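**Q** What follows is a predicted structure for the sequence shown.
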Amino acid sequence: MINTQLAALLTSGSFIIIGLYAAIFLDNIIKKIIGLSFIEEGANLFLITLAYRADGIVPIFLSGMNPQWFAENSAYPLPQALVLTSIVIGASTLAVMLAIAMVLYKKHGSLSTDEILGDKNE
Amino acid sequence: MNDLIPLMVIIPIIAAILLNLFNKNNSTVKILSFVVAIVLPIIPLLANYGTYYFGGHAPLTDYGTFLSLFPNSILNTLHIGITYSYGSMQQILIFFLFIIAFLAILTTIGERKKISGTYMFLMFMGLASVVAMLLSDDIFHLYIFFEIVIIAQVGIVLASNHKEKYETAMKYMILGSIGGPMLLTGIGFLLALVGSVNITDIVHVVKNGLINSYSPIFLLSFGLIFFGWLYSVGLPPFHTIKSDMYSKATPSGSALLQTLSVIIFISIGLAIFRIYNGISYVGTFIIFFSLAAMILSISMALTETDFRRIIGFLAVGELGYLGIGFGIGTKLSLTAALFQGLNEIIITALLFIGFGTTLYLSKTSEINKLGGLIENNPKTGVMVLIGGFALAGVPPLNGFQSKVMLIQSALDKGFPELAIIMILISIVTFMTFIKIFHSIYLKPKPKDLIIEDNKIPKSTTFTMGVLIIMCIVLGLMPSLVVNGFNAFIGGLI
Amino acid sequence: MIEYIIMIIGILGAILALAQRDLLKAAILTGISGGCIAVLFQILLAPDVALTQAIVGAAIIPVFIALAIYKTHGVDNND
């Protein structure tokens, strides 16, 4: 029987593989960048999946909870805190890449990676 | 005064934000960046050795009944917040890093009439990130600043006026966006095994045999983190893109870029060495990639005709020496590797800035079109020559001392082949350097070469003078820094 | 059950986004898979991360991509 954690791991794996495929094989630069954002999201999903606990609770400590019961039942909060940072970094990297892609389009008049980044031209 | 430790990261970041704010105001940018750059090298000298816990989260010792379930040995070391640890190695490297950054900023101010605040922002941001990487004892912290430093490096390259800078920057960003998530996934696997991202905790768990060093997940995490490391420092297969980055930036920019790479190499390399030391073939792995870096980049340097690209390849090849030191993994070799890293920072900064003056005079970087520049600026020519001697390891300069230590450590460990290869590569490096030097300075001047009557800025000459003095002082008195490195490595192994 | 459906929608959205010829559609589909990941975060007991991801992944990233496409009049000619 497949459970939620395993399915989420598979999802994150497929996001990373789809993204890698796009980043390596697709020619259009915007699609390459979209693929790179998928890799980033897959890695984030992977970290969150690690923190998941089946039938657990959200890791927010409310007053009146028993600390031991909380520690035994909550999801692990550390990876969640890490992913918050990682999401923002991913978005800013994406913005920089899109900006460079726009400049490259102005210069070459094309979005094809072969034409923009190929070694032969000029 | 342990409170000074985080200031080494905070002050550059605040300066960077302020400089970006004052972007349009030329004189404010100049004064602010100059003052901050002068103040920075003083901080590492004043700060005491020790650790700094962010938010006051000291390691857990007594947290009530629940934690008593765990053995004491874990509880005493389990870090729950971000920790900065500051020792002799960090002090020396951060001090020299700040000095080089000061010189790079001084050169930039001297060479340009208009200073862009954004460019200074990127320089300070890159600086703050690598200092944080050196200080932090937290592998996720390394990842965050790894990503920030990619953006800073790309920005430094974009600030030059090379024709193809955008293409190179785009390639570097694409590879970086693959390498970053790989590193993050590797950290995720480690986190799944250990439950902490603190390097000391992970080392504690691995050393006490609480996890199997040869379990597939542990090996997978090694592979992913190693991939991110290879990318960020420019070992093969990423040596071409790294040297491309060097050749596209302005001279002072590439000096800073190489400094950033060396510091990233040392900080992530030390983390890898500490965590994965138990796996028997990790050292061989690192040595293999380092040798490949040395041989591939030297052979590519021989075929190039653009002197910026040649120095770029030489700089990447020099990183291989560091890798060999890490791979051998003895106390002597690690000390030698750290010393070699420091020397590389100084020497390549000297070469990048020194050969950069050629560009200032003639506007071309093709060595076939250049020649006879020794008449126009003999002073710079002699200084560059000294830099080349230091790079190749001619006594009594600093490159000689660290390379002798590396060769000695290879012989001690029983790898005479490695020692021979290192000597050979060193000779070929020297030949390549002499080739550029001859064709730029000594060979008769081609007829169609127009040399502009630009005076070389005083700040540039001053920078090169300071760098040469550092080369000579470290060459004559290596114990100034080697003792510090030795003490740090002794505490590590 | 709902989580499996959302996972499948997310993966399909990602594949479809890369298969589009019109890049604007690709941007919108990127937003859909980003939103699916945000819901997944909620299911995987990370509500605060889900909030951030919902804003960044489902709104900001597609808008950035759409802006870049608007400036470059982009159509993928190669498939």
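**A** Looks like it arrived, so ask away.

**Q** State the next helix or strand along the chain beyond the top helix by length along chain C.
**A** Ordering each helix of chain C by length in residues (DSSP state H) puts helix C:23-43 first. For helix C:23-43, the following helix or strand on the C-terminal side (DSSP states H and E) is helix C:47-55.

**Q** helices and strands around that next one, which ones?
**A** Helix C:47-55 is packed against helix A:29-51, helix A:77-108, helix C:23-43, with contacts defined by 3 or more CB pairs under 8 Å, 6 or more residues apart in numbering or on different chains; DSSP states H and E. All C-beta atoms are positioned from the backbone trio N, CA, C, and that covers glycine.

**Q** And it, how far out from the chain middle?
**A** Centroid separation for helix C:47-55 versus its chain: 14 Å, with CA atoms, centre = their mean, to the nearest Å.

**Q** Report the buried residues of it.
**A** C:48-50, C:52-54 (16 or more other CB atoms under 10 Å in any protein chain shown).

**Q** Let me have these in CSV, adding pLDDT as columns.
**A** As requested, the buried residues of helix C:47-55 are exported to CSV (pLDDT from 0 to 100):
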residue, pLDDT
C:48, 90
C:49, 92
C:50, 93
C:52, 92
C:53, 93
C:54, 93
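
**Q** So of those, which two are at opposite extremes in space?
**A** Spatial extent of these (CB to CB) is set by the pair C:48 and C:54 at 10.8 Å.

**Q** So what touches stretch A:67-81?
**A** Here stretch A:67-81 makes contact (CB atoms under 8 Å, 6 or more residues apart in numbering or on different chains) with A:47-48, A:50-53, A:55-59, A:61, B:64-66, B:188, B:191, B:195-197, C:44-46, C:48-49.

**Q** For that stretch, C-alpha coordinates in PDB please.
**A** Taking Å, rounded to 0.1, in the frame of the first residue of the first chain, the C-alpha atoms of stretch A:67-81 are listed here in PDB:
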ATOM      1  CA  PRO A  67       5.900  18.900  25.600                       C
ATOM      2  CA  GLN A  68       6.700  15.200  25.400                       C
ATOM      3  CA  TRP A  69       3.400  14.400  23.600                       C
ATOM      4  CA  PHE A  70       4.100  17.400  21.200                       C
ATOM      5  CA  ALA A  71       7.600  16.100  20.400                       C
ATOM      6  CA  GLU A  72       6.400  12.600  19.700                       C
ATOM      7  CA  ASN A  73       3.500  13.700  17.400                       C
ATOM      8  CA  SER A  74       4.500  16.900  15.600                       C
ATOM      9  CA  ALA A  75       6.200  17.100  12.200                       C
ATOM     10  CA  TYR A  76       9.900  18.100  12.400                       C
ATOM     11  CA  PRO A  77      10.100  21.900  12.200                       C
ATOM     12  CA  LEU A  78      13.700  22.300  11.200                       C
ATOM     13  CA  PRO A  79      13.400  21.400   7.500                       C
ATOM     14  CA  GLN A  80      10.300  23.600   7.300                       C
ATOM     15  CA  ALA A  81      12.300  26.600   8.500                       C
END
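
**Q** mind listing what's buried in that stretch?
**A** Across stretch A:67-81, burial judged by 16+ other CB under 10 Å covers A:74-81.

**Q** for these, which one is nearest chain B?
**A** The closest of those to chain B turns out to be residue A:79 (CB to the nearest CB; 6.2 Å).

**Q** and the stretch 151-300 of chain B, which of its residues are near chain A?
**A** B:151, B:154, B:158, B:163-164, B:166-167, B:169-171, B:173-174, B:176-178, B:180-181, B:184-185, B:188, B:191-192, B:195-197 (CB under 8 Å from any CB of the partner chain).

**Q** Give me the subset of these lying in helices.
**A** Among these, DSSP H puts B:151, B:154, B:158, B:166-167, B:169-171, B:173-174, B:176-178, B:180-181, B:184-185, B:188, B:191-192 in helices.

**Q** If we only consider the buried residues of helix C:47-55, which is nearest to residue A:89?
**A** Nearest to residue A:89 among the buried residues of helix C:47-55, counting by CB to CB, is residue C:52 at 11.8 Å.
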